[in-house]
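Student: can you look at this prediction? I've put the sequence above it.
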Amino acid sequence: MKIRLSTFFLCLALLAGILPFSRQAQATLGEGPDSVTRDRQALSAAKRATTTRTKYTVQEVASDETTVREYLTTGGVVFAVAWKGRAHPDLSTLLGSYTGEFQSARRKVPRKHGERRLRVSSDQVIVETWGHMGSLQGRAYLPALLPKGVSVDEIN
């Protein structure tokens, strides 16, 4: 009985430790505005600004390391994210359900020695990173959700 009780408490402790991390991995791309709040919490960032454009809205959050901008369609779906800072953010948090597709496509991109720019393109998501130590930037977007008339260059 003593062993079963200690096993129960061990499992309970493991479950309590795993649940917060599973919540952090919830998606941004392709999800609604509530995902911005989850991302802000997962990235330990503070909300900075919301900018409304004709065809989309940008919500910006910032941590000590990175500023992240999340682009939402007028219907409230996140179609792109961009970041700039001393470090790249946790892409699994920002890409959410597209993380596996990104990682699979990433493995197929040949590594070029000395190249600071990377572009990973899959069927549904495009991720670009660039910069140098202390000033890293990137963006990820879903071409199928890009609002009509919005240029990829607006995602920065």
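Tutor: All right, it came through fine. Numbering: from 1, shown residues only.

Student: distance of the residue nearest the centre of the chain relative to V68?
Tutor: Taking Cα atoms, centre = their mean, the centroid of the chain lies closest to L94, which sits 1.1 Å from it. Distance of L94 to V68, computed by Cβ to Cβ, to the nearest Å: 7 Å. (C-beta placed from N, C-alpha, C; glycine too.)

Student: try G85
Tutor: Taking Cβ to Cβ as the measure, G85 and V68 are separated by 8 Å.

Student: over to L91?
Tutor: For L91, the distance to V68 under the criterion Cβ to Cβ works out to 11 Å.

Student: more crowded one of those two?
Tutor: Neighbour count, other Cβ atoms under 10 Å: between L91 and V68, V68 has more, with 25 against 20.

Student: quick check, the more buried one in a strand?
Tutor: Yes: judged by DSSP: H, G, I helix; E, B strand; the rest coil, V68 forms part of a strand.

Student: just checking, T50 touches E60?
Tutor: Yes: under the contact definition of Cβ atoms under 8 Å, T50 touches E60, with a separation of 7.4 Å.

Student: look at those two and report which has more neighbours.
Tutor: Legend: neighbour count by other Cβ under 10 Å for T50 and E60, higher for E60 (18 against 12).
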